[in-house]
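**Q** what's the 3D shape of this:
(2 chains)
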Amino acid sequence: MLQTDGVLDGRGEPDSEPGPSRVLDMYRTMVLIRHFEEGVRSLYAAGLVPGLVHLCSGQEAANVGVIAALKRSDFIASHHRGHGHCIAKGTPLPLLMAEILGRAAGISQGRGGTLHMFDPAVGNLGTNGIVGGGIPLATGAALTAKRLRTGQIAVAFFGDGALNQGLLHECMNMAAIWKLPVVFVCENNGYGEYTAIDTVTAGGSLTARGEVFDIPSHMVDGMDVLAVHAAAVAAVSRARAGEGPSFLICNTYRFSGHHAADKQEYKNKEEVKLWAGKDPILRLAGHLREQGIGQEDLDRMESEAAADVAAAVEFGKRSAEPEPALLRSRVYA
Amino acid sequence: MPEEREITYRAAIIEALREEMRADPRVIVLGEDVGAAGGVFKQTEGLFAEFGTERVIDTPISESGAFGIAVGAAMTGLRPVFEVMFCDFLTLVMDQLVNQAAKVHYMSNGLLSVPLVLRTTMGTGANLGPQHSQSLYAWTAHVPGLKVVVPSTAYDAKGLYRSALRDDNPVLIFEDRLLYNTKSPIPEEPFAVPFGRCDVKRAGSDITIVAVGRMVHAALAAATRLAEHGLDTEVVDPRSLVPLDVEGLVRSVRKTNRVLVVDGGHRQYGAAAEIAATLSEEAFDWLDAPVTRLAAEDVPIPLSRSLEPLVQPNEMRIAEQAQILMGR
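**A** Numbering: from 1, shown residues only, chains lettered A, B, ... in the order given. All right, here's what the predicted structure looks like:
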C-alpha cells in the first residue's frame, strides 16, 4: 500500500532518512490503517463481524515504520492484531475487509477471518491466532531465503505477550547460530490480552532477551514512525548483508481493548490519556507541517483514506457468504 | 532382469532421502543429531557427508521452534524433512503441527501449502520407559490436513518416503525402531508406493487381520500359527492411516467375513477404533462376527523387562484373539 519511492515495488532501497515523499507515503498508510480499524469497529458494532476482532489503532507507527523498510518480496509473519501489517504490505483493502467479514470475496474466501489473513503475493505469511505463532514461520522463511539465496529477508511481528513464549527464545537462538536474515519486531503495547506486561514479565531489560543470543537489540519509540523506520532500516540492512538477526522493541500503545468489545476497565485513565497524547499519526502530522506540508494536503489524504475504507466496507458487505461446497475443499493441497 | 537386493528398512529410508535430495535441491533434513552423528538410530547416516551442513541441519534441542521453522521454510519454498527423535516428543511440536502446518493450506484458501515430512520413531521393545516407547500416530490422524503413514517393511518405507517427499502436504511417517534392521527385497530403480492403497501382506480366506506398522509382522507370525490350526488368515496393512484405503479393507472383509484390527497404539480412541468403526459401517452386510480390536493396553508403558512386553499385542495374543473371533 506504500506507494512512493517504491521500496515495496522494488524500485529503490530504503533509506534511514526517508525523503519527503516517502514520509508522506508512510503517513498516508498510517491514516489508512486507522480508518480501516474504525471501519472494522463499526462493522463489529453492527454485528457483522463473525467472532472477535483485535484492532491495532495506536500501533500504526510500529507497523508502517518497519514495513516501509522492506521490499514487496520480503516476508512478514504477523499476529492477531495484524490488519496494519496486511495493509502496509500491500494487500488490497477490499480483500481484507471481506475476509474479516467471513465473505466469499475475502482473501481466503472467508475461511480464516482476521486471525488468518495470508497473502504470499506480497510476502505475508499470515496473521496468526496463536501468540508467538508467526515467529517460527518468519524464521523459517529466512531459512528458505538463505538456503535458496533469494536475497529476501523476513520480519516476525509479535506483541509483548509473546516475549514470554519459549518459542521466541528458541527461534532467536537458531536465527543467531544460523545467521538467518530475520528481524524480530516486538510491538510492545503494554498489555498481553488483559494483563499488563510488568505484572507477568521478569527482568529489568527486555532487550536483554535478544542480547543474550548476541543479537543486536534496540528499544525504540514505537509512536515515532521515523525512529522505528531508522531502526528497521538498520536491522534489515544487517539481515540482507548476511550478518544475521536483529531484535527491535517498539514501545507503543493499544488504543483499543484486547478485542473490539473489550471495555478496558483494567486500564488506568491517566495512562490512557498520556498515550493518547502520543498518537503516532498526530505526531507525524506535526512533523510534516513543520516540514512545510500544508494542512490541506493532510486533510486530502485523510479524506482519501476514508473513501478507500468506505469502499472496502461496501465491498465486504456486498460480498456473498461462501458457498457450502467450499467447506470441504483445500483441506489438502 | 536384475536380481533384487535385500536392504534394511533403515537403509531403504536413507536411500529414498538421498535420491530425492539429489533430485531436488529444495529437500533439506533437520533434526537433533541428524548431521555429523548420522542420527541416534543411524537413520540419516551418510547424508551429512554428501549434502553438508546447508542441507542436513543439526538443530538444538528445541523441537517446538525448530519444527516451526521447518513449517515456515515449507511455506516459502523448501521441502523440509524434520525428524522428531521419539514420537513421544510430538507433544513439543504439537502447536506448530496442529495449529499451523495442518491448517495453512485451508486457512489461506490454497494460497500457501506446507510440503513437509515429519519423520519420527515409535514402539516398545527397548525398555525405554513411559516417555520413549509410545506409538502416537492416532493423535495426528485425528487432525484434518495431515497425512499419516506407518510403513511396516523396507520396501514400503522406501516407496512411501518417495510419495511423502513429493507430496505438497504435511506428511507424518512413523517408524517402529524395531523395524530398522529388518530387510526386504528392493528394486535398484526408484519407485513410489502411493498413499491410500492398502497391501495384502498374506492372502487368506477365513479371517482378515488389519495390522499397522510392526504389528503386521506379529500378525504374519500369528497367521502361520493359525494355519497350523487350519485357519487361513489374510493380513492387510493399510500403510497409510490418512488417507485410509477403506475400499481395500472392505474388499478383504467381503472375502473373509471376519476382521480383527491390530494396533500398536493405545486402544482407547485409537487407530484400531477408527478402522473398526469404519468397517462396521462400510462392511456390515458381510460381517459374520463383530469387528474386534486388539491394541496396546491403556496404560503408560512401563520400563520393566517383564511388564513392557505385556503392553503391545504380540503373535500369541493375536492368534488367541483370532481364534476367539472364529468361535474356536
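
**Q** quick one: contacts for the closest residue to chain A within the stretch 201-328 of chain B?
**A** The stretch 201-328 of chain B approaches chain A most closely through B:P243 (8.7 Å), counting by Cβ to the nearest Cβ. C-betas here are computed from N, CA, C, even on glycine. By Cβ atoms under 8 Å, 6 or more residues apart in numbering or on different chains, the contact set of B:P243 is B:147, B:195-196.

**Q** Just list the residues touching A:L137, thanks.
**A** With contacts defined as Cβ under 8 Å, 6+ apart, the neighbours of A:L137 are A:77, A:125-126, A:128, A:156, B:68, B:71-72, B:75, B:100.

**Q** mind listing the strands for the stretch 151-300 of chain B?
**A** In the stretch 151-300 of chain B, the strands defined using DSSP state E, counting those that start in this stretch lie at B:170-176, B:183-186, B:199-202, B:207-211, B:233-237, B:240-242, B:259-266, B:292-296.

**Q** nearest to A:R81, of those?
**A** A:R81 lies closest, by Cβ to Cβ, to one member of the strands of the stretch 151-300 of chain B: strand B:170-176, at 27.1 Å.

**Q** CA atoms only for the closest one - export them in CSV, please.
**A** What follows is strand B:170-176 as a C-alpha-only set of coordinates in CSV (Å, rounded to 0.1, in the frame of the first residue of the first chain):
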residue,chain,number,x,y,z
PRO,B,170,2.5,-32.2,5.8
VAL,B,171,3.1,-36.0,6.0
LEU,B,172,4.0,-37.8,9.2
ILE,B,173,5.9,-41.0,8.9
PHE,B,174,6.0,-43.3,12.0
GLU,B,175,8.9,-45.7,12.0
ASP,B,176,9.0,-48.5,14.6
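
**Q** distance between that strand and the chain's centre?
**A** Using Cα atoms, centre = their mean, to the nearest Å, the mean C-alpha position of strand B:170-176 is found 5 Å from that of the whole chain.

**Q** same deal with stretch B:99-113?
**A** Per Cα atoms, centre = their mean, the centroid offset for stretch B:99-113 relative to its chain is 24 Å.

**Q** Wondering if it reaches chain A at all.
**A** Yes. Applying Cβ under 8 Å from any Cβ of the partner chain, one finds that stretch B:99-113 is in contact with chain A at B:99-100, B:103-113.

**Q** So which of these sit within helices?
**A** With helices defined by DSSP state H, the entries of these inside them are B:104-107.

**Q** Just want the most central residue of chain A.
**A** The centre of chain A sits closest to A:H85, judged by Cα atoms, centre = their mean, with a distance of 3.1 Å.

**Q** From A:F36, how far out is that residue?
**A** In this structure, A:H85 and A:F36 are 12 Å apart, going by Cβ to Cβ, to the nearest Å.

**Q** With A:L226 instead?
**A** From A:L226 over to A:F36 the distance is 22 Å, taken as Cβ to Cβ.

**Q** Same list, the ones in helices among the residues of stretch B:99-113 next to chain A, but as a markdown table with pLDDT please.
**A** Below are these laid out as a markdown table (pLDDT from 0 to 100):
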| residue | pLDDT |
| --- | --- |
| B:V104 | 98 |
| B:H105 | 98 |
| B:Y106 | 98 |
| B:M107 | 97 |
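
**Q** Let's see if you can find the most crowded of these.
**A** Counting neighbours by other Cβ atoms under 10 Å in any protein chain shown, the top entry in these is B:V104, with 28 neighbours.

**Q** doesn't B:S113 make contact with that residue?
**A** Yes. Applying Cβ atoms under 8 Å, one finds B:V104 in contact with B:S113, separated by 7.1 Å.

**Q** who touches both of these two?
**A** Contact with both B:V104 and B:S113 is made by residues B:M75, according to Cβ under 8 Å, 6+ apart.

**Q** where exactly do the helices run in the stretch 201-333 of chain A?
**A** In the stretch 201-333 of chain A, helices defined by DSSP state H, counting those that start in this stretch lie at A:208-211, A:225-240, A:269-276, A:280-290, A:295-318, listed in chain order.

**Q** pLDDT on the second one, on average?
**A** pLDDT averaged over helix A:225-240 equals 98, rounded to a whole number.

**Q** Please enumerate the strands of the stretch 1-150 of chain B.
**A** Along the stretch 1-150 of chain B, the stretches classed as strands by DSSP E, counting those that start in this stretch are B:5-8, B:27-31, B:56-58, B:79-84, B:116-122, B:147-149.

**Q** Out of those, which one sits most buried?
**A** Per-residue neighbour counts averaged over each of the strands of the stretch 1-150 of chain B give the maximum for strand B:79-84, namely a mean of 27 (mean count of other Cβ atoms under 10 Å in any protein chain shown).

**Q** one step back: quick one: which of the strands of the stretch 151-300 of chain B is nearest A:S303?
**A** strand B:170-176 (46.9 Å).

**Q** what about the nearest residue to B:T256 once chain neighbours are set aside, neighbour count?
**A** By the measure of Cβ to Cβ, 6 or more residues apart in numbering or on different chains, the closest residue to B:T256 outside its immediate chain neighbours is B:T208, 4.5 Å from it. Residue crowding around B:T208 was assessed by other Cβ under 10 Å; the count is 30.

**Q** Distance check, B:T208 against B:K255.
**A** Distance, B:T208 to B:K255, using Cβ to Cβ: 7 Å.

**Q** Could you tell me which residues touch both of those two?
**A** In contact with both B:T208 and B:K255: B:E234, using Cβ under 8 Å, 6+ apart.

**Q** out of A:L226 and A:F36, which sits in the busier spot?
**A** Taking A:L226 and A:F36 together and counting by other Cβ under 10 Å, A:F36 has the greater number of neighbours (27 against 19).

**Q** show me what contacts the nearest residue to that one once chain neighbours are set aside?
**A** Closest residue to A:F36 apart from its sequence neighbours, by Cβ to Cβ, 6+ apart: A:V309 at 5.2 Å. For A:V309, the contacting residues are A:32, A:35-36, A:38-39, A:93, A:97, by Cβ under 8 Å, 6+ apart.

**Q** that older thread, contacting residues for the residue nearest to B:T256?
**A** Contact criterion Cβ under 8 Å, 6+ apart gives B:233-236, B:249, B:252-253, B:255-256, B:258-260 as the residues in contact with B:T208.

**Q** Can you flag the buried ones in those?
**A** Burial by neighbour count, judged by 16 or more other Cβ atoms under 10 Å in any protein chain shown, picks out B:233-236, B:249, B:252-253, B:256, B:258-260 from those.

**Q** Quick check: which of the strands of the stretch 151-300 of chain B is buried the most?
**A** Comparing those by mean neighbour count (mean count of other Cβ under 10 Å), strand B:207-211 comes out on top with a mean of 30.

**Q** re earlier: relative to chain A, which of the strands of the stretch 1-150 of chain B is closest?
**A** When the strands of the stretch 1-150 of chain B are compared by Cβ to the nearest Cβ, strand B:27-31 sits nearest chain A, at 6.7 Å.

**Q** other SSEs contacting that closest one?
**A** Based on contacts counted as 3 or more Cβ pairs under 8 Å, 6 or more residues apart in numbering or on different chains; DSSP states H and E, the elements that strand B:27-31 packs against are helix B:9-23, helix B:47-55, strand B:56-58, helix B:63-75, strand B:79-84.

**Q** Can you tell me which of those is packed in deepest?
**A** helix B:63-75 (a mean of 30).

**Q** Next, report how far it is displaced from the centre of its chain.
**A** Once both centres are worked out by Cα atoms, centre = their mean, helix B:63-75 turns out to sit 22 Å from its chain's centre.

**Q** For it, name the packing helices and strands.
**A** Under the contact criterion of 3+ Cβ pairs under 8 Å, 6+ apart, helix B:63-75 touches helix A:134-147, helix A:166-177, strand B:27-31, strand B:79-84, helix B:90-94, strand B:116-122.

**Q** Could you pull out the buried residues of the longest helix that chain A contains?
**A** Among the elements of type helix in chain A, defined by DSSP H, the one spanning the most residues is helix A:20-45. Along helix A:20-45, the positions that meet the burial threshold by neighbour count (16+ other Cβ under 10 Å) are A:22-37, A:39-41, A:43-44.
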